[in-house]
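Q: need coordinates for the below:
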Amino acid sequence: MRVSREEFEALVEQALEQLPEEFREALDNVAVMVEEEPDEEDLEGVGIDPDDPDRDELFGLYQGTPLTERDGFYSALPDRVLIYRGPILRACDTRREVIREIRDTVQHELGHYFGLEEHELPF
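A: Below you'll find the predicted structure:
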């Protein structure tokens, strides 16, 4: 599937805008960014062997301290949600699938920001 970087970034922005208002308003000190591919460190950090040709694709990654673990004195660089363009485009056959996967990935990674564990997330 081919989607330009600019269009992909616009779709990520659209996914953020479609979040329920109470969640959008609760986003603080978090940057959502598009990257082309995860690096080896990111893959290893989630238990994916970067040298395995049959490895799972990583669509997104949350880096930071979840809201549930912060105290009143929390001060740090912004948390980051990385959305990986290459893996999502390789996994999707249609534009509709790309849009759905971006939305699901943004929501999944922001779930980690809000303190949800992997098993608590719907996708």
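Q: make it CA atoms for all contacts and neighbour counts henceforth
A: Will do.
Q: residue nearest the centroid of the protein?
A: The centroid of the chain falls nearest to residue 60 when counting by C-alpha atoms, centre = their mean (3.5 Å).
Q: how near is it to residue 40?
A: Using C-alpha to C-alpha, to the nearest Å, we find residue 60 at a distance of 14 Å from residue 40.
Q: ditto for residue 105
A: Spatial separation of residue 105 from residue 40 under the definition C-alpha to C-alpha is 20 Å.
Q: excluding chain neighbours, what is closest to residue 36?
A: residue 85 (4.9 Å; C-alpha to C-alpha, 6 or more residues apart in numbering).
Q: can you check residue 33 too?
A: Distances taken as C-alpha to C-alpha, 6+ apart place residue 82 nearest to residue 33, at 5.0 Å, with adjacent residues excluded.
Q: next, the contact list for the one you found, please.
A: Each residue near residue 82 by C-alpha atoms under 8 Å, 6 or more residues apart in numbering is listed here: 32, 33, 34, 35, 60, 61, 62, 63.
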